[in-house]
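Trainee: got a sequence here, can you build the structure:
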Amino acid sequence: MAAVYDKSIKSFARRMQILGMFKGDQKLTASVIHSGLSGTGDDVTMRSVQRGLEMLTDGGYLELVNPGAKPLRWRWPKSKKSINSSCKFSCDVIFSTTLINNLIVENSDANDRINYSR
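Mentor: Coordinates of the predicted model:
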């Protein structure tokens, strides 16, 4: 369970790093983001970056600028100027995610201690 927990936290942190790379109306490709993450020492594959971008786009945090073109480019949605405009929501999501993950870990530990041999 701890390995799944660690992987979830790492994926979440990576998505937050990706969001932090966008400034104003700047358009970035998956390759530029991958290079930026590689510079942080995070051993991340290009496919992981692409999945993260897809999830952030589906969630409305990023906007695909040129669907069907190559290379694909993303930016902040026009309704959001930067990560600061979404900070309250992002902070709420971080707190909620951390709380839920801690509850899952605590409950899995409790389940390991339950005697099921009645």
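Trainee: the closest residue to K27 other than its chain neighbours and T29, how far apart?
Mentor: Nearest residue to K27, sequence neighbours excluded (CB to CB, 6 or more residues apart in numbering): R73, at 4.2 Å. (C-beta placed from N, C-alpha, C; glycine too.) Using CB to CB, to the nearest Å, one obtains 6 Å as the distance from R73 to T29.
Trainee: how about S48?
Mentor: Here S48 is placed at a distance of 15 Å from T29 (CB to CB).
Trainee: for Y61, the count of nearby residues, please.
Mentor: 22 (other CB atoms under 10 Å).
Trainee: go on, the one 5 residues further on?
Mentor: By other CB under 10 Å, 12 other residues sit near N66.
Trainee: tell me the SS of it?
Mentor: coil (DSSP: H, G, I helix; E, B strand; the rest coil).
Trainee: show me the contacts for it.
Mentor: Residues near N66 by CB atoms under 8 Å, 6 or more residues apart in numbering: L72, R73.
Trainee: phi and psi next, for it.
Mentor: The phi and psi torsions at N66 (degrees, to the nearest 10) take the values phi -130, psi 70.
Trainee: and if you look at Q50?
Mentor: According to degrees, to the nearest 10, Q50 has phi -60, psi -40.
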